[in-house]
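Visitor: mind folding the following:
(2 chains)
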Number of protein chains: 2
Amino acid sequence: MIGRAAAIFRVEEIIIYPDQPEKDQRKDAKLIELILSYMETPQYLRKRIFKLRPELRYVGVLPPLRTPHHPTTSRAEELRIGEYREGIVISSTKEGSRVYIGVEKPALIKGVKLPSRKRVTVKIRSLDKRIEAEVADRSEIKEYWGYKVTVSRKPLGNILKKWDLVVATSRYGISFARVKDKLAQEWKKAKSRIIVFGSPTAGLYEILEKEGLNLDEIADFVINAIPMQGVKTVRTEEAVYASLAILNVFLSNNQV
Amino acid sequence: MIGRAAAIFRVEEIIIYPDQPEKDQRKDAKLIELILSYMETPQYLRKRIFKLRPELRYVGVLPPLRTPHHPTTSRAEELRIGEYREGIVISSTKEGSRVYIGVEKPALIKGVKLPSRKRVTVKIRSLDKRIEAEVADRSEIKEYWGYKVTVSRKPLGNILKKWDLVVATSRYGISFARVKDKLAQEWKKAKSRIIVFGSPTAGLYEILEKEGLNLDEIADFVINAIPMQGVKTVRTEEAVYASLAILNVFLSNNQV
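Guide: Numbers count the residues shown, from 1 in each chain, chains lettered A, B, ... in the order given. Next up is the predicted model:
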């Protein structure tokens, strides 16, 4: 659900943070990272990037993301010049690097020596006898191109220092409707923005309190995305869908 | 996910409609109705209302709703006068009807003869040696008190005629942000409101087209709750969370 929500609402990065700093949560964090990364990887690259391992035994039930960077075409003749594709470096020679991009022939990137097994985004340049491509400039891609997954070992308070605008979600926050104009202004101005959610076992006030911090001092906005909730507790994944849906409608430049 | 969304956003009724009128979908509709009704029933009444049957073999994985009408108390001494509880009629005598309300003693409703096994909402009136209650006036209850589930055999076009305000959701709709003020006005005026979603296999335009109808003529608003979606297709349950979250924030009188 988290992976799907991230893709639906075009999230750039998911940061997994420790919600119980007194415990060693590295194993849990790694599992979440693995599953989210697996989901984000185009189907044709999954076997090459992820080895079979017990943690991945249930990946068959994961819904596909169906993002533009997960193309369903698998034949070289269906490629178009200018198309972007995710790939993995197979080998590098004097001529350049050969990259597997999910079709029967690799793409050649001339004049580079990329490390083997590196994941790269390529742009198709020519489609004659062989496929030639270049390493893509990701900032050029107009479509949504997947999310990055990061595990942070630092406590949440530290993570939040790096960001220009911190929007926290909490049932004790202010209804989004009441702060939307101010938030929209700050959102536009900010160079980097993070939306923060509590964990399945604790809300943000509680998590930061354990670090000796107060959410109100750390976040620029604490919003309640579900005013008057009909249930006692809202699950993290439910809060993620509700919050991202609201922010997407009102804060992106996409009021089309 | 649908049951949880309904409870989180205080939905009064869920109507299940046939999306493929050319098929007999009664069995599927009944299964969805059964599971949603099971979720909506307080835990202590489930065994009395639903017999063990194969369709319910996976209900163990359903998340609890945790609504006010699913109390976790189960002892008569924890009841309070004025409290509302869902119950089921056990027997009726000259004295009145005895209702099981999830505690060790039944509640007596004097002077009525309710049919056995009927589900009723009661209000506790006195708590002496015995528990006395009255049939509650549901409109009096201020808290969210669960949803009703209805299966409609009529095609969607027919269902939508009954409603004062029809808000349809579609990726081809207008971004909610662009119609929110107008929609808020109509929402306040309307005596009855319905929010319509497509099905897992077809969107609303497509479903109504098969009935010879045009969504734009039938719906008062066709909104896109997820403008610029990063994925090719949004699942019904994802659209439900996104749409209800947005409508809850902007249309309810709860901008607290």
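Visitor: which residues does residue A:116 contact?
Guide: Shown in contact with residue A:116 (CB atoms under 8 Å, 6 or more residues apart in numbering or on different chains): A:89-92. For the C-beta atoms, the positions are set from N, CA and C on the backbone; glycine is no exception.
Visitor: and for residue A:13?
Guide: A:147-150.
Visitor: which phi and psi does it have?
Guide: phi -150, psi 140 (degrees, to the nearest 10).
Visitor: returning to what we had before: tabulate the contacts of residue A:116 (TSV), appending distance to residue A:185, pLDDT and secondary structure.
Guide: Shown next, in TSV, are the contacts of residue A:116 (distance: CB to CB, whole Å; pLDDT from 0 to 100; DSSP: H, G, I helix; E, B strand; the rest coil):
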residue	distance to residue A:185	pLDDT	secondary structure
A:89	44	97	strand
A:90	48	97	strand
A:91	51	96	strand
A:92	48	96	strand
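Visitor: check those residues for burial and list the buried ones.
Guide: Burial by neighbour count, 16 or more other CB atoms under 10 Å in any protein chain shown: within the contacts of residue A:116 this picks out A:89, A:92.
Visitor: ends of stretch A:169-184, what's the gap?
Guide: Counting by CA to CA, to the nearest Å, you get 16 Å between the two ends of stretch A:169-184.
Visitor: what residues of that stretch count as buried?
Guide: Neighbour count says stretch A:169-184 has A:169-171, A:173-180, A:183 buried, by 16+ other CB under 10 Å.
Visitor: out of these, which are inside strands?
Guide: A:169-171, A:173-175 (DSSP state E).
Visitor: list the residues that contact the residue nearest the centre of chain A.
Guide: Chain A has residue A:147 as the residue nearest its centroid, 2.4 Å off, counting by CA atoms, centre = their mean. Applying CB under 8 Å, 6+ apart to residue A:147 gives the contacts A:3, A:6-7, A:11-14, A:36, A:40.
Visitor: now, among these, which is nearest to residue B:207?
Guide: Using CB to CB, residue A:7 comes nearest to residue B:207 of the contacts of residue A:147, at 25.2 Å.
Visitor: pretty sure the closest one contacts residue B:230?
Guide: Yes - under the criterion of CB atoms under 8 Å, residue A:7 makes contact with residue B:230 at 5.0 Å.
Visitor: give me the common contacts of these two.
Guide: With CB under 8 Å, 6+ apart as the test, residue A:7 and residue B:230 both reach A:67, A:144.
Visitor: would you mark the buried spots in stretch A:185-201?
Guide: A:186-187, A:193-199.
Visitor: as CSV, those with pLDDT, secondary structure and distance to residue A:251 would be great.
Guide: As requested, the buried residues of stretch A:185-201 are arranged in CSV below (pLDDT from 0 to 100; DSSP: H, G, I helix; E, B strand; the rest coil; distance: CB to CB, whole Å):
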residue, pLDDT, secondary structure, distance to residue A:251
A:186, 96, helix, 10
A:187, 95, helix, 5
A:193, 96, strand, 9
A:194, 98, strand, 13
A:195, 98, strand, 10
A:196, 98, strand, 15
A:197, 98, coil, 16
A:198, 97, coil, 21
A:199, 96, coil, 24
